[in-house]
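A.B. asks: What follows is a predicted structure for the sequence shown.
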Amino acid sequence: MIHKDVIIIGAGIAGLSAANILSQYEVSTLLIDRQPMVGGTLIKQTHPMHAWDDQKGFDIIHPLYESIQESKYVDVILNTTASAIYQDFVLSTVSQDVYKTYQAKAYIVAAGSQHKHYAFENNDLPGIMPSSVIQTMMHTYGILPRGDTVIIGSGNHAYILTVQLMEAGVSVKAIVDMHMYISADEIYVSKIKAFGIPIYVHHQVLEAMGKESLEAVKIIHIKDGEETLLEGVSTLCVAGGMSPATQLLHMAGVKMTYEAYLGGFVPTLNAHYQTSHPNIFACGDVTGIEDARVAMYEGTIAGLSVLKQLGMKRLNIDQLINTYQEKVTQLKDAMHHKDNGYKEGPYVL
Amino acid sequence: MRIINHPHMNKKKKITFSFEGETHIGLEGDMIAYALYEQGIQVLSYSPKSNRPRGLYCGIGNCGSCKMHVNGIDHVVTCMTELKEHMDIRIQKDKDTSHDT
């Protein structure tokens, strides 16, 4: 068994932010991610992001990762899945059929989120994929989705992805938006309208059709029940929102609560992002689906809290934690105000 | 189809592999399932009970839809396994075989 001071699970923006704080101290830290690269979801955002002063995802990740790599106290291992946290707080990892066990004084779970799927007939046909896979396909492997694509989902995410697909030269047949109104900001909607892509508002997918893979999609108006058949569709991109990837936290037995507006089960946390177990901290989307900036500040707070718990001396540590907590509160308030109605959704029949 | 001249990607080496006995080409650094998708192969496995086709779905090693036979080993999560030269990749149709003794 390998012993460490801190183990961070997930090298997305939250995990990297936590590692960045820890890297400035003599604390042996291990950062694990199952993907072949760091950066999680944020690194795949190749469009100038509004909320980050038009920076792109990798513009934020790269400098952060570089400063972590310079530290001799932080080890980063990629292509490695954290497969379990056991009751005695041993962590097991698996990489290409090789299992290892670790034990740390503190764990920071920054496992992020996973996609939700919609319930409709034949929703398991090959060709139906979550939006994150389409993004990975394009931005990591340079592969374009096959044939005509339909996007089902709502919110800015679905519309931004549509713009990315159009710009990459993919033929987008339609957007199916479950909301009664177009659920995205005007800047994205106007681009999509300029491309001439039809937006089916207040529609849901009724059925996917095809033998060995997707061939057609039947959609239905949620209120009127009017059906529309979209033929010659090879790819259905599901942008149906995310839910926290809480499997490890459930397994560790920390206290969880169900919060629909945060995407599902989330750990019960104190102001220091500590779970009901004093040695397990959580930050980022695993604590509820929020903005990437929230995840960054949460990671920073979790890092600072762990430093405090390990007895490291840092000037104004409490004050720093307070500052970041205020930033998180501000962002969350602004976001929940804006998202009001988006997340709960007017899905009434 | 590959994006040629992707602004954020460097040129990668070609990798030859076999799918169901046929030769295909992928790129260095590809995960198996993605390379297959690019080659037009969408069905990666069949569900053991109702024999339904399964393709690349979650792409992050959560769902198990992309489990295939690779170099004689079954249940290889191909969305998380890197493509290597001369790999022998086959559709997985049943629950299991190769690990049984």
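C.D. replies: Nice, thanks for sending it over. Numbers count the residues shown, from 1 in each chain, chains lettered A, B, ... in the order given.
A.B. asks: Quick one: find the helix or strand in chain B with the lowest mean pLDDT.
C.D. replies: strand B:73-77 (a mean of 89; mean pLDDT, DSSP states H and E).
A.B. asks: Let me know how buried A:Lys223 is, in neighbour terms.
C.D. replies: Neighbours of A:Lys223 under the rule other CB atoms under 10 Å in any protein chain shown: 11. Every C-beta, even on glycine, is put in place using the N, C-alpha and C of the backbone.
A.B. asks: Point me to the residue of chain B nearest chain A.
C.D. replies: Using CB to the nearest CB, the single residue of chain B nearest to chain A is B:Gly55, 2.5 Å away.
A.B. asks: so who does the nearest residue to that residue once chain neighbours are set aside touch?
C.D. replies: What sits nearest to B:Gly55 in space, not counting adjacent residues and going by CB to CB, 6 or more residues apart in numbering or on different chains, is A:Pro126, at 2.5 Å. With contact taken as CB atoms under 8 Å, 6 or more residues apart in numbering or on different chains, A:Pro126 is in contact with A:212-214, B:42-44, B:53-56.
A.B. asks: Just the ones of those residues in strands?
C.D. replies: Judged by DSSP state E, strands contain the following of these: B:53-54.
A.B. asks: ChimeraX command for the buried members of the contacts of A:Pro126?
C.D. replies: For the buried members of these, the matching ChimeraX selection, counting by 16 or more other CB atoms under 10 Å in any protein chain shown, is:
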select /A:213,214 /B:42,43,44,53,54,55,56
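A.B. asks: Can you tell me which of the contacts of A:Pro126 is nearest A:Gly241?
C.D. replies: Nearest to A:Gly241, judged by CB to CB, of the contacts of A:Pro126 is B:Leu56 at 20.2 Å.
A.B. asks: right, and that closest one touches B:Ala33 too?
C.D. replies: Yes. Between B:Leu56 and B:Ala33 there is a contact at 4.6 Å, judged by CB atoms under 8 Å.
A.B. asks: Now the common contact residues for these two.
C.D. replies: Jointly contacting B:Leu56 and B:Ala33 under the rule CB under 8 Å, 6+ apart are B:44, B:66, B:79.
A.B. asks: just the residues you listed that are near chain A?
C.D. replies: For chain A, the contacts drawn from the shared contacts of B:Leu56 and B:Ala33 by CB under 8 Å from any CB of the partner chain are B:Leu44.
A.B. asks: could you redo the shared contacts of B:Leu56 and B:Ala33 as CSV and give each row distance to A:Tyr73 and pLDDT?
C.D. replies: Shown next, in CSV, are the shared contacts of B:Leu56 and B:Ala33 (distance: CB to CB, whole Å; pLDDT from 0 to 100):
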residue, distance to A:Tyr73, pLDDT
B:Leu44, 41, 96
B:Cys66, 36, 94
B:Cys79, 32, 92
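A.B. asks: can you pull out the strands in chain B?
C.D. replies: Assignment of strands within chain B using DSSP E yields the ranges B:14-19, B:22-27, B:45-46, B:53-54, B:67-70, B:73-77, B:88-90.
A.B. asks: closest to A:Thr93 out of these?
C.D. replies: Across the strands of chain B, A:Thr93 has its closest neighbour in strand B:73-77 (14.9 Å, CB to CB).
A.B. asks: For that closest one, which helices and strands make contact with it?
C.D. replies: strand B:67-70 (3 or more CB pairs under 8 Å, 6 or more residues apart in numbering or on different chains; DSSP states H and E).
A.B. asks: Check what contacts the strand it packs on and list those residues.
C.D. replies: With CB under 8 Å, 6+ apart as the test, strand B:67-70 has contacts from B:32-33, B:44-45, B:74-78, B:81, B:87-92, B:98.
A.B. asks: Off-centre distance for it?
C.D. replies: A distance of 7 Å separates the centroid of the chain from that of strand B:67-70, by CA atoms, centre = their mean, to the nearest Å.
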